[in-house]
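Chemist: build me a model:
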Amino acid sequence: MSDCSHIRLALFSDTFAPQVNGVARTLDRLVTALRERGGEVRVFTTDDPDATERHGVQRFPSRSFWAYPQLQLAWPKQREVRAALRDFRPSLVHAATEFGVGLAGRRAALTLGVPFVSSYHTSFTAYAAHYGLGALAVPGWSYLRWFHNVGRRTYCPTMAIVDEVTAHGFTHCREWSRGVDSTRFAPRFRSTAFRESIGATDDTLVAAYVGRIAPEKNVSVALDAMRAVSASRPEAARLVVVGDGPFEQTAREAAPEGSVFTGRLEGQALSEVYASADVLLFPSTTDTFGNVMLEAMASGTPVIGADVAPTREVLLPGRGWVCKAGDADALAQQLITLIDDRTALVTMRALALQFAQSRSWTAVWDTLFADYLSVQRAGSVREATSALAHAL
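Modeler: Residues are numbered from 1 along each chain as shown. Reported below is the predicted structural model:
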């Protein structure tokens with residue numbers, strides 16, 4: 001592991017553990033990884049009713065965002081944020097969200113002259129279009145450019161997202177990819193007892209959906225596809241839905257008979273679902289990176305995803321299947337093909353597992369933290385040059 005003892009990171013985000021989403025989980029991993037390598041981290045985030053006191057985490061009073069109640073927003077006082085940064089003496093400020101807490105971190109970093117980087121996790125313009133707020137897309141890109149381009153890096157989870165935001169005028173973009181913990185997610189967690197508990201035999205195709213049950217995740221596409229499969233091949237497939245969210249009750253009512261909703265799962269229970277499924281459904285078109293895809297692949301479970309650039313980058317060539325985005329009929333046909341011919345599943349399972357095993361978190365963190373250090377060094381050189389010019 002790389003030596004990060006020279007990094008003192010102030011991380012600003014409107015989402016963090018114990019919230020359960022891809023961004024919060026990734027940032028929690030970042031904090032742990034940096035500390036394991038000798039770095040210091042202080043997290044600035046929103047409060048949460050389920051949060052317990054945790055070393056190095058400062059929370060600000062927050063409230064739910066009206067258009068997306070699961071998103072908490074806080075507006076910290078600049079005086080308080082600047083005082084906290086002066087006390088911590090960061091060598092780098094990283095804003096992981098573009099509003100509320102992230103915006104406060106950006107402003108304080110620029111005011112105090114601390115090197116500033118950001119990361120792009122959420123496609124707000126895609127979310128806006130999904131919720132009928134497409135008119136916000138143009139001003140949305142203008143705001144995002146303003147927010148990110150002042151920094152020395154904008155980290156994106158895939159090269160597809162790097163290309164997308166660069167086309168919209170972002171500068172200094174780098175890929176910050178994702179890894180998977182192959183000790184937590186592995187084929188050895190496959191459970192005959194779990195399959196039996198949901199009424200699945202060895203011949204049943206178990207399709208899993210793991211994630212927030214929300215409209216922007218295109219869960220309805222998976223439900224429509226599974227209903228079509230159920231009508232065409234009765235009792236041949238079973239749907240398992242893991243997670244919770246605002247669309248859950250609607251999803252329960254729309255799911256085919258025999259579907260299983262587990263609620264939110266963690267630990268071995270989640271590992272067993274991944275490994276016991278035969279395929280993961282990932283219909284979302286709004287995710288910048290689907291962490292659940294890697295977790296399923298590491299479990300030996302292939303993925304069928306929507307045919308959008310970030311998903312294609314993970315699944316293709318030959319590591320999974322993509323179907324036309326929003327096309328439930330195409331998804332249903334792919335599932336029926338797998339029901340009728342399991343040989344493709346066997347082949348894809350091996351390829352998916354091989355790919356996931358190559359995506360270690362260690363390599364991901366070493367790459368990111370090396371770039372952190374290069375940003376800090378560039379900042380030090382810039383400050384020294386500025387001081388010299390001022391003296392002359």
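Chemist: please count neighbours and contacts with C-alpha atoms only from this point.
Modeler: Will do.
Chemist: confirm Val41 sits in a helix?
Modeler: No. Val41 sits outside any helix when classified using DSSP: H, G, I helix; E, B strand; the rest coil, being strand.
Chemist: wait, it touches Val31, no?
Modeler: Yes. Look at Val41 against Val31 with CA atoms under 8 Å: they come within range, at 6.5 Å.
Chemist: more neighbours: which of the two?
Modeler: Counted by other CA atoms under 10 Å, Val41 and Val31 do not tie: Val41 has more neighbours, with 23 against 18.
Chemist: what sits opposite the spatially closest residue to the more buried one that is not a sequence neighbour in the beta ladder?
Modeler: Nearest residue to Val41 in three dimensions, chain neighbours excluded: Leu9, at 4.7 Å (CA to CA, 6 or more residues apart in numbering). Going by DSSP bridges, Leu9 is paired in beta bridges with Val41, Leu92.
Chemist: now Phe116
Modeler: Under the criterion used here (DSSP bridges), Phe116 is bridged to Val93.
Chemist: burial measure for it, as a count.
Modeler: 27.
Chemist: ok, it - contacts?
Modeler: With contact taken as CA atoms under 8 Å, 6 or more residues apart in numbering, Phe116 is in contact with 92-95, 106, 109-110, 150-153.
Chemist: return the closest of those residues with respect to Val81.
Modeler: Of all the contacts of Phe116, Ala109 has the smallest distance to Val81: 9.6 Å, by CA to CA.
Chemist: element containing that closest one, please.
Modeler: Following DSSP states H and E, one finds Ala109 within helix 100-112.
Chemist: touching that helix from outside, list them.
Modeler: So helix 100-112 is contacted by 12-14, 44-46, 73-78, 81-82, 85, 93-97, 115-116, 147 (CA under 8 Å, 6+ apart).
Chemist: what of stretch 32-48?
Modeler: 1-16, 18-19, 31, 56-62, 72-74, 88, 101, 365, 369.
Chemist: for Val240, grab phi and psi.
Modeler: When read as degrees, to the nearest 10, the backbone of Val240 gives phi -120, psi 120.
Chemist: lowest confidence element among the helices and strands of this structure?
Modeler: Among the helical and strand segments of the chain, the one scoring lowest on mean pLDDT, DSSP states H and E is helix 124-130, with a mean of 65.
Chemist: just say helix, strand or coil for the residue nearest to Asp278 when sequence neighbours are not counted.
Modeler: Of all residues not flanking Asp278 in the chain, Val206 sits nearest, at 5.2 Å (CA to CA, 6+ apart). Per three-state DSSP, the local secondary structure of Val206 is strand.
Chemist: looking at the contacts of Phe116, which is nearest Tyr120?
Modeler: Nearest member of the contacts of Phe116 to Tyr120, counting by CA to CA, is Ala95, at 9.2 Å.
Chemist: check the gap between the closest one and Ser259 for me.
Modeler: 40 Å (CA to CA, to the nearest Å).
Chemist: same question for Arg35.
Modeler: According to CA to CA, Arg35 stands 42 Å off from Ser259.
Chemist: neighbour count for those two, which is higher?
Modeler: Neighbours were counted for Arg35 and for Ser259 using other CA under 10 Å; Ser259 has more, 21 against 15.
Chemist: wait, what's in contact with that one?
Modeler: By CA under 8 Å, 6+ apart, the neighbours of Ser259 are 238-241.
Chemist: now do Thr15
Modeler: 23-24, 45-46, 71-72, 97.
Chemist: is it possible to mark the buried ones in the residues you listed?
Modeler: Among the contacts of Thr15, those classed as buried by 16 or more other CA atoms under 10 Å are 23-24, 45-46, 72, 97.
Chemist: show me what contacts the nearest residue to Ala370 once chain neighbours are set aside?
Modeler: Spatial nearest neighbour of Ala370, chain neighbours left out: Ser2 (7.9 Å); criterion: CA to CA, 6+ apart. Contacts for Ser2 (CA under 8 Å, 6+ apart) come out as 37, 366, 369-370.
Chemist: and Ser2, what element?
Modeler: Per DSSP H and E, there is no helix or strand for Ser2.
Chemist: and it, how close does it get to Asp28?
Modeler: Taken as CA to CA, the span from Ser2 to Asp28 is 18 Å.
Chemist: since that was my last question, I'll sign off now.
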